[in-house]
Each structure stands twice: as structure tokens, then as C-alpha cells.
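Visitor: Got a predicted structure here, sequence first:
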There are 2 protein chains.
Amino acid sequence: MALIVQKFGGSSVADAECIRRVAKIITGTYKKGNQVVVVLSAQGDTTDDLLEKAAEINPNGSKREMDMLLNTGEQVSIALMAMAIEALGFPVVSLTGWQVGMETTAAYGAARIKKVSGTRVQEELDQNKIVLVAGFQGINKYGDVTTLGRGGSDTTAVALAVALKADICEIYTDVDGVYSADPRKVPNARKMDEITFDEMLELASLGAQVLHNRSVEMAKRYNMNIEVLSSFTGAPGTIVKEAVKKVEKTYISGVAQDKNIARIALVGLKDEPGMAYKVFNLLAREKVNVDIILQSIGRAGSKDISFTVDKSAADAAYRVLMDNQGALAYDHVDINTDVAKVSVVGGGMVDNPGVAATMFEALYEAHINIRMISTSEIKVSVLIDKEDTDRAVAAIHAKFFG
Amino acid sequence: MALIVQKFGGSSVADAECIRRVAKIITGTYKKGNQVVVVLSAQGDTTDDLLEKAAEINPNGSKREMDMLLNTGEQVSIALMAMAIEALGFPVVSLTGWQVGMETTAAYGAARIKKVSGTRVQEELDQNKIVLVAGFQGINKYGDVTTLGRGGSDTTAVALAVALKADICEIYTDVDGVYSADPRKVPNARKMDEITFDEMLELASLGAQVLHNRSVEMAKRYNMNIEVLSSFTGAPGTIVKEAVKKVEKTYISGVAQDKNIARIALVGLKDEPGMAYKVFNLLAREKVNVDIILQSIGRAGSKDISFTVDKSAADAAYRVLMDNQGALAYDHVDINTDVAKVSVVGGGMVDNPGVAATMFEALYEAHINIRMISTSEIKVSVLIDKEDTDRAVAAIHAKFFG
């Protein structure tokens, strides 16, 4: 008998049919003699519908009231799922974030989990019940409800799994695992049986949106194994864990892409000490996360600094740079959103020199121009023109997995 | 400065426009220097939509999970109203049933309020905030959410008003007060400025659905004045209170009707002691509430018993009588749902003999046949054919109010 935490996203509980299908997965796990705790997201478009209602009344409503509103979405999901499981004749109970003691910070809209009591969940498990928990939500020290922000339900699932000392945290999605590249784009992409937390973190941050980084970081910190699998096929998925035993040693675990970025270039900065500090300190104060940074010598006595940011942060970055043109004394700012980042990721990279060269060779053969390069211990990323993205991923994947 | 509890029903918060209109009423009361606590129902069709979703998944879902589901409706209302009030620039906070300490029994779907802590509400009032509270809901000793059943939000409002020692509990509806008859049917129906709790109880139980009996009973027990008024006109409504000072002494306060009843006749019962006990004990065990009872001598050695029940209970009543035909040894059962009850209500009745006679005279002049009669200290009711209802109410109203 194992204690299994399962998480199903919004598309898995979108309507009555989906809910009944997921109810069968849950009760199937329970019938095998396991203890089952299930974390659910809000149904399909519920959150968007609620946001629309709020926007109609007040586009600038407080985050506290927004969280009060959004909390209802997951509550509807757990109640409906409980009824579906009751219809199948199994003992079940649904619990909200405050009922399971999901204590968070007071940062409405983006609360962080501080502590999970889990007492109530354990009591219900002891009574042989399947326990359904509303994801994405918690309660703060004022006794007010909060939401966890992006990736919230995945994080709820991992936090509960850790608190309950579960054997595994299963994250059900609409794909059947983690692939060496996007299988919709690269037909011969390979599904990986196992992948390390670090590799998963790199893949997620590079636009492979299977698991949110926050949940993977938490799983890594507490060494909680995650399995990513499909709620449609029922086949084994990909296990994300600390160390992976690789029978067949591959250089890289995957090729990822991210089209949601912008490249910003500051041209003609004075070539004097401290300029980079000034630029990125300003951006940090505006909470703009910078990814790849590249600095080059420009014309006599000047230098250029280019960097990439998330597309949603491009405006804020541009504004703060323009506001400080005097202090920074640069010539002009250039923004390009027609770019994409393509990366190869893999723990095997450190033992295999030449990964970067092989990647560049694949791009050269495909006649794709590289705009920027960034490397780390387990990753090589390049910035290319957005229109070349799919061709680049296919060419690199073919080169490595062949 | 007064402490005012206001309650707005589902139609008052049906959409963004309604919500903005109500937000103005609330902030208008606050601007006059009052402390304001507002109880809200779920938006228009929300509860029906949720019930439909549940029925699609499991028509027999447990009441606990149904309450978990339905609780979200009022939570959406309070969050949206809070945002509307924020948009007007006033300090506001929304609170759920469990946040205000609305402790109820564990009877999911029809919980009774046991205790209202009110601590959190008082804290927020002390910070000069407008406090919005989700109606219809509470929390039981297991820490689970409950709903109060019919008339729940009115009851929430009165219970909060009592707990907070409010000066008045204002119930906003789509009519502008309590009338001497249904103003849609009787054009010269009078709006009453004041009415006693007892009169209101009789009127409510007789089909004048302005206030639910449960809330009036609670208001009577704790002597909390209620004002029934319109969320559209803003004009003074009807105050429901313990004793009414009547400048102009009227015999009766109103004429009410109820078409939602059935008359059941047990024909040919043995004329021996204990038969009535047996019949109504059986019905009571099936939780069938019986209203008017009439017993008459039938043919030699037998008697007939007729009684009225709520139409929704007619099937259950019929079934239990048929199941016990042997024991009761009656001839046959007759059910008639084409009947209506018309009543005159008024505290002035006890001092004015002849109220019943005047009522019967009005019906006689209108050629309306009386099927059954029932009287109490402050009420005379008659059972008539349903098709005669509107004519009967108009004739009786004209006779008393001229």
C-alpha cells in the first residue's frame, strides 16, 4: 500500500465527462489498495470567466478580493469530483485550502506556501477516504484566503505530498510525459522514462510547460519524486527524481524552445566601469527578470549591452531604460520581439565536450543564424529569429537523437 | 451613528449593473456616518447553474458536497461587491460564513444557526470598513461548510444583526414593502408602514413571500426590528416590529393567498376514537406538515377527514395513506390540487368581532364557494377553487379596505 498524491489540471475536469473519466483514474488507484489524495484545479475556463466578471466591475479590484473570488473555482471542482466519486460508490471527502491547513504568506495573488498542517487530510485518510483538495489556494495569518499564483496547483500537490510523506506525486496532464522535444513539432521526439530535477528545471524555464518550476524546485528541495503522465492514456509517464540511472548514456535529455521573449539592446553605452551594474540594478528594482546577457565593444569609447527578458516584461524594461537615458548616457534602445530561444538540456553534457559545437553545427547546416549564445553546466541556449524556431528544434533534435 | 445590517437577494446582485447600483446604496448608508454590515445572496441564477452541474454528474450527491459546491455562489457575490465598493473609493472587506464564525448544526442543506461569533466583523467595523458577509452559509463542528436552506440569507442577516446588536436589519427586495394584498393583483393594495412580527409570520406562511418565516421568528425572539424595502426606489419600506402603534385602527393588516397547496380527503373512516390520531401520527412520521383540518360525520357509522398540505408533500401523504389503508380502514382517498387558500390577517381582529362574517360576505357576493374554513386569533383562512383566487382576494380586500 502506497500513499499517492495525484494532481489533475483544469482541462482534466473541464466538464462532466472529463470529471467522470478522472474519477475512474482516482478510484482505480484507490482500488489497488493505495491511500489517495487528489489536488484539483478550477474547471477549464472558470478562472477566466471569474476574471472577466471582476474586470467588468472593477479592473483594479484589490488582490485580496480577487483571491476571494478565484478561490471558488477550485472549490467547485472538488465538490463536483466528490459527487462523481460518490456515484461510483467510494468514500470521499473534499477539502478547501484552509481546511487542509495550507498556510501561506499574505501576498495575495502570488502567495508562497509556509506550512502545510495536513492533520485533517490524515484524519480523513485514516477513515479510508479518498481526499480531494482544492489546489492553488491557501490561508494567511489574517485568516484570509489566498491564491498561489502561476503553477499553483502543481505546487499544492508537491507540498501536500511532502507534508504527508507520500510515496510519489503524480501530475496528470494532457501529454504523456516529458519529451526530448515538443512531440507536436518533432515527430520522432523521445519520451523520457526518467529525468533529474535539474534537467526538468532547465526544460521548464525554457518553455517546455509540462511542470511549473516552483513545484519542481520544491520537489527537489524535499526529494519528492514526481511522475508526469497523461490523464487520457493511463500509460507510465516520466519520473522526475534526484538522480537518474541511465542505461544508455545520452548527451542531452531534450531540446526546448521559448518564443515568449524579447531581446533588448542598449547601444552606445559609455565604456566605463559600473555601467552593467547600473543597468541591471535598475531593471531588478522594476522586478524585470533578465535571462541571457551579452556585452560587446561598440564604437570607440562605447559598448553595447544586449539581454533577453520575458515578453510580458519588455514594456516595463523599455520604460525604465528610457526614463534613465540621461543617467546611463546611452545612444539608443532597440527592442526585438521576433526572436526565440532554443536550448539543449542534459546532465550528460558536462562529461561530453562538444555539445555546443554539435548544436551550432546543426543550426549551420540548416542555415539558421545565431543572434546570442548562453551556456551553463547542463544547458546551451541560442537566440535565433522566431520564424526559424521549428526548423531549428527539428535540426538539433535530429543531430542528437538522430 | 447607527449600526445597520443590510441584506440584498440574488436578483439585486444578478449582474455588474445591479452590483454597481447596490454598491451605491451601501456606500450611501456608510457616507451618512453609519456602520454597515451587508449580507449577500448568490447572483441570480448561480445556484441553479451549480445544481445543474451537480445533477449532470450525480443526481444523488451527498448533501455535504452539495453544500461545498453551493457555498461558492455567495462567495462570488461578496468578492464582486467588494470590488464595486473599492471602485467607489470606500474601505471594504468581504467575509465568508466560516470567517464570521457563523456556527451551525451539521444538517447539511438545512443547517440551523447555533452561534454567531461576530468577532472578525467587529474588528473590521472598528477599522471603519464596510463589511460584506456571504449569506446562506455557515460552518459546523467538523469544520465543514454548510448551507442554511430556504430563507437562508434573510436568516443570516437577522442573526448577524442580533449578534452585533445592530439598530436595524434592512432586507432589500424587489418590492417596496409589505402590502395589504399582492399589489400586482389588487391595484389599490395598501403598503403598510409597520406590521407586527406575528402578523408578518402569518402573512409569510400564507404565501406572501416577502420575508421567510425563519428570519421573522428569529427577529421576534430577539426583538430585532426589520425593515423591508426596495433596492430600486430607495423609499421607506415596511418596518416589522414587536408592537405597532396604529393611528388608524384597521381590522386586518392584509389579505394573503397560497395556491401551492393540496387538499386531501379520507372518505369513509370508521367512526371510532383515535382515528384522527392514527392518521396524523402517520403523516407526522413522514414529516408531512398538515395545515387546515376538517372532520365531518359521513354515512352511518363512518366519518370523513379532510386536510390541506403543501403541494410538494401531497405525494408523500398519499403514499403513506395508501400503504395503511388496511389499518385505517377507510373507503377511499381523494386528492385535489386545484384549490387555493385565501386568508385575512391582523392583530386588530381579536377586538373586532365579525371579521370572519365580513370575509364570508365578500365571497358570497362574488359567488365564490368556500370548501374549508380555519380560524385563529389573528387569521381567518378559507379554502376555495384555485380559479377563483384572484377574484376572492380582490373582493375581500375591497370589503375591508374599501
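Guide: Received, thanks.

Visitor: ok, now which ones touch the residue lying closest to residue A:329 once chain neighbours are set aside?
Guide: Spatial nearest neighbour of residue A:329, excluding adjacent residues (Cβ to Cβ, 6 or more residues apart in numbering or on different chains): residue A:270 at 5.3 Å. All C-beta atoms are positioned from the backbone trio N, CA, C, and that covers glycine. Taking Cβ atoms under 8 Å, 6 or more residues apart in numbering or on different chains as the criterion, residue A:270 is in contact with A:301, A:302, A:303, A:329, A:330.

Visitor: Please report how far residue A:270 lies from residue A:307.
Guide: Noted for residue A:270: a distance of 18 Å to residue A:307, by Cβ to Cβ, to the nearest Å.

Visitor: Kindly state the pLDDT recorded for the residue in the stretch 301-402 of chain A positioned nearest to chain B?
Guide: Checking the stretch 301-402 of chain A residue by residue against chain B with Cβ to the nearest Cβ singles out residue A:312 as nearest, at 23.4 Å. At residue A:312, the predicted lDDT confidence score is 87.

Visitor: Are we agreed that it is in a helix?
Guide: Yes: per DSSP: H, G, I helix; E, B strand; the rest coil, residue A:312 lies within a helix segment.

Visitor: Could you report the neighbour count for it?
Guide: Each residue near residue A:312 was counted by other Cβ atoms under 10 Å in any protein chain shown, and the total is 11.

Visitor: do residue A:183 as well
Guide: Residue A:183 is surrounded by 15 other residues when neighbours are defined as other Cβ under 10 Å.

Visitor: what's around residue A:327, how many residues?
Guide: Residue A:327 has 9 neighbours, counted by other Cβ under 10 Å.

Visitor: again, but for residue A:392
Guide: The number of residues packed near residue A:392 is 23, by other Cβ under 10 Å.

Visitor: how close does residue A:2 get to residue A:33?
Guide: As judged by Cβ to Cβ, residue A:2 and residue A:33 stand 8 Å apart.

Visitor: who's more crowded, those two?
Guide: residue A:2 (12 against 8).

Visitor: need the contact list for the residue lying closest to the more buried one once chain neighbours are set aside.
Guide: With Cβ to Cβ, 6+ apart as the measure, residue A:167 is the residue that lies nearest to residue A:2, at 4.1 Å, once sequence neighbours are left out. For residue A:167, the contacting residues are A:2, A:3, A:4, A:225, by Cβ under 8 Å, 6+ apart.

Visitor: got it, and residue A:360?
Guide: When contacts are counted by Cβ under 8 Å, 6+ apart, residue A:360 is found next to A:370, A:382.

Visitor: pLDDT value on it, please?
Guide: What the model reports for residue A:360 is a pLDDT of 85.

Visitor: Is it part of a helix or strand, or is it coil?
Guide: helix.

Visitor: Against residue A:347, how distant is it?
Guide: Residue A:360 sits 21 Å away from residue A:347, taking Cβ to Cβ as the criterion.

Visitor: The stretch 151-300 of chain A: helices as residue ranges?
Guide: With DSSP state H, counting those that start in this stretch, the ranges of helices along the stretch 151-300 of chain A come out as A:152-163, A:197-205, A:213-222, A:275-285.

Visitor: list the helices and strands the last one packs on?
Guide: Spelled out, that is helix A:275-285. Contacts defined by 3 or more Cβ pairs under 8 Å, 6 or more residues apart in numbering or on different chains; DSSP states H and E place helix A:275-285 against strand A:261-270, strand A:290-297, strand A:302-310, helix A:314-323, helix A:325-328.

Visitor: burial count for residue A:106?
Guide: Residue A:106 has 13 neighbouring residues, counting by other Cβ under 10 Å.

Visitor: actually residue A:284, not the one I typed
Guide: Residues within reach of residue A:284, counting by other Cβ under 10 Å, total 11.

Visitor: Apply the buried test to the contacts of residue A:270 and list what passes.
Guide: With burial judged by 16 or more other Cβ atoms under 10 Å in any protein chain shown, the buried subset of these is A:302, A:303, A:330.

Visitor: could you dump those to a markdown table with distance to chain B?
Guide: Supplementary listing: the buried ones among the contacts of residue A:270 in a markdown table, determined by distance: Cβ to the nearest Cβ, whole Å:
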| residue | distance to chain B |
| --- | --- |
| A:302 | 49 |
| A:303 | 47 |
| A:330 | 41 |
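
Visitor: export those residues to JSON lines and tack on distance to residue A:294?
Guide: Formatted as JSON lines, the buried ones among the contacts of residue A:270 follow (distance: Cβ to Cβ, whole Å):
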{"residue": "A:302", "distance to residue A:294": "15"}
{"residue": "A:303", "distance to residue A:294": "11"}
{"residue": "A:330", "distance to residue A:294": "15"}
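
Visitor: so which of these would you say is closest to residue B:132?
Guide: When the buried ones among the contacts of residue A:270 are compared for distance to residue B:132 (Cβ to Cβ), residue A:330 comes out closest, at 50.7 Å.

Visitor: That closest one: what secondary structure?
Guide: Reducing the assignment to helix, strand or coil with three-state DSSP, the entry for residue A:330 is coil.

Visitor: In contact with it, which residues?
Guide: Listed by Cβ under 8 Å, 6+ apart, the contact set of residue A:330 reads A:266, A:267, A:268, A:269, A:270, A:321.

Visitor: Of these, which is the most crowded?
Guide: Sorting the contacts of residue A:330 by how many neighbours each has (other Cβ under 10 Å) puts residue A:266 first, at 23 neighbours.

Visitor: Now do the shared contacts for residue A:2 and residue A:33.
Guide: Shared between the contact lists of residue A:2 and residue A:33 (criterion: Cβ under 8 Å, 6+ apart) there are no residues.

Visitor: Any idea how many residues pack against the spatially closest residue to residue A:321 that is not a sequence neighbour?
Guide: Setting aside the residues directly before and after it, residue A:321 is nearest to residue A:333 in space (Cβ to Cβ, 6+ apart), at 5.3 Å. Residue A:333 has 15 neighbouring residues, counting by other Cβ under 10 Å.

Visitor: Flag every residue of chain A that's near chain B.
Guide: If contacts are counted using Cβ under 8 Å from any Cβ of the partner chain, the residues of chain A sitting beside chain B are A:16, A:19-20, A:50, A:53-54, A:56-58, A:60-62, A:64-66, A:68-69, A:71-72, A:75-76, A:78-80, A:82-84, A:86-87, A:93-94, A:96, A:98-99, A:120, A:143-145.

Visitor: pLDDT (mean, whole number) over the helix or strand containing residue A:26?
Guide: When elements are assigned from DSSP states H and E, residue A:26 belongs to helix A:16-31. Summarised as a single mean, pLDDT over helix A:16-31 is 96.

Visitor: now swap in stretch A:122-141 and tell me
Guide: If you average the pLDDT over stretch A:122-141, you get 97.

Visitor: how long is that stretch from one end to the other?
Guide: The distance separating the two terminal residues of stretch A:122-141, taken as Cα to Cα, to the nearest Å, comes to 22 Å.

Visitor: before we move on, the earlier item: mean pLDDT lowest where, among the helices and strands packed on helix A:275-285?
Guide: Per-stretch averages of pLDDT across these put strand A:290-297 at the bottom, with a mean of 76.

Visitor: Going by distance to chain B, which of the contacts of residue A:330 wins?
Guide: Using Cβ to the nearest Cβ, the shortest approach to chain B within the contacts of residue A:330 belongs to residue A:321, at 33.0 Å.

Visitor: That closest one contacts residue A:266, correct?
Guide: Yes: counting by Cβ atoms under 8 Å, a contact exists between residue A:321 and residue A:266, whose distance comes to 6.7 Å.

Visitor: what residues are shared contacts of the two?
Guide: Among the neighbours of residue A:321, those also in contact with residue A:266 (Cβ under 8 Å, 6+ apart) are A:279, A:328, A:330, A:333.

Visitor: okay, these in CSV with distance to residue B:355 next?
Guide: As requested, the shared contacts of residue A:321 and residue A:266 are arranged in CSV below (distance: Cβ to Cβ, whole Å):
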residue, distance to residue B:355
A:279, 90
A:328, 91
A:330, 93
A:333, 88
